[in-house]
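In: Predicted model and sequence below, questions to follow.
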Amino acid sequence: MPTLKPDAPPYQSKFRAYMLAPQDVPASTSDVIIFNAKWFDGKGEYDDTTTYRFTAKKAGKYLVMASAEFRGTVANVPIALDIYLNTEFELSHQTAYMNTSVDDTVSISGLVSMEAGDYLEARLSNGGGTGTVTIVDSSDITFFAAHRLS
């Protein structure tokens, strides 16, 4: 039987996190989403207790995905989901507009070049108005994930 290399499956750099409870984002703010549970974390790189960050142990290209279901109290307020690399905006965001009668979803995916020690955060921005947006804790729709490709 062949011996698995440290970077071979199931030991690849990868994670998928989700929320255990809804999270409110006040008007005119951008908050790190509290993804405080993990489906998997191949190399222990995702912190689901304090920072809610994925910190790469190895440099490479990572496929990053995030999605957030939300509901709000004021109509026509822009909502954006952003991925930050360290402290800088990294991936372009998808903007949706809050609707008070139905839940909506924003999602994002893309390739990110990371160095060892770099970290990623998913943030939701509530674009203004007076209403709070609530991120829904639906584990199949609201999630944050990454996988090292090379």
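Out: It's in.

In: what ranges do the strands span in this protein?
Out: Here the chain has its strands, by DSSP state E, at 14-18, 23-25, 29-32, 37-41, 54-55, 60-72, 78-85, 88-97, 104-114, 119-126, 133-135, 143-148.

In: quick one: contacts of the first one?
Out: With C-beta atoms under 8 Å, 6 or more residues apart in numbering as the contact definition, strand 14-18 has outside contacts at 35-43, 45-46, 48, 52, 54, 137, 139, 142-148. For the C-beta atoms, the positions are set from N, CA and C on the backbone; glycine is no exception.

In: The same query, at a cut-off of 7 Å, please.
Out: 35, 37-42, 45-46, 48, 54, 139, 142-148 (C-beta atoms under 7 Å, 6 or more residues apart in numbering).

In: Contact partners for the residue lying closest to Leu120 once chain neighbours are set aside?
Out: Spatial nearest neighbour of Leu120, excluding adjacent residues (C-beta to C-beta, 6 or more residues apart in numbering): Phe54 at 4.6 Å. Residues near Phe54 by C-beta under 7 Å, 6+ apart: Phe15, Glu45, Tyr46, Tyr119, Leu120, Ala146.

In: Quickly note the distance from Ala56 to Ser13.
Out: 7 Å (C-beta to C-beta, to the nearest Å).

In: and for those two, which residues touch both?
Out: Glu45.

In: okay if I get the strands of the chain as JSON lines plus mean pLDDT?
Out: Compiled in JSON lines, the strands of the chain are given as follows (pLDDT from 0 to 100):
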{"stretch": "strand 14-18", "mean pLDDT": "97"}
{"stretch": "strand 23-25", "mean pLDDT": "95"}
{"stretch": "strand 29-32", "mean pLDDT": "94"}
{"stretch": "strand 37-41", "mean pLDDT": "95"}
{"stretch": "strand 54-55", "mean pLDDT": "98"}
{"stretch": "strand 60-72", "mean pLDDT": "94"}
{"stretch": "strand 78-85", "mean pLDDT": "93"}
{"stretch": "strand 88-97", "mean pLDDT": "82"}
{"stretch": "strand 104-114", "mean pLDDT": "94"}
{"stretch": "strand 119-126", "mean pLDDT": "95"}
{"stretch": "strand 133-135", "mean pLDDT": "91"}
{"stretch": "strand 143-148", "mean pLDDT": "97"}
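
In: If anything else comes up later, I'll come back, but that's it for now.
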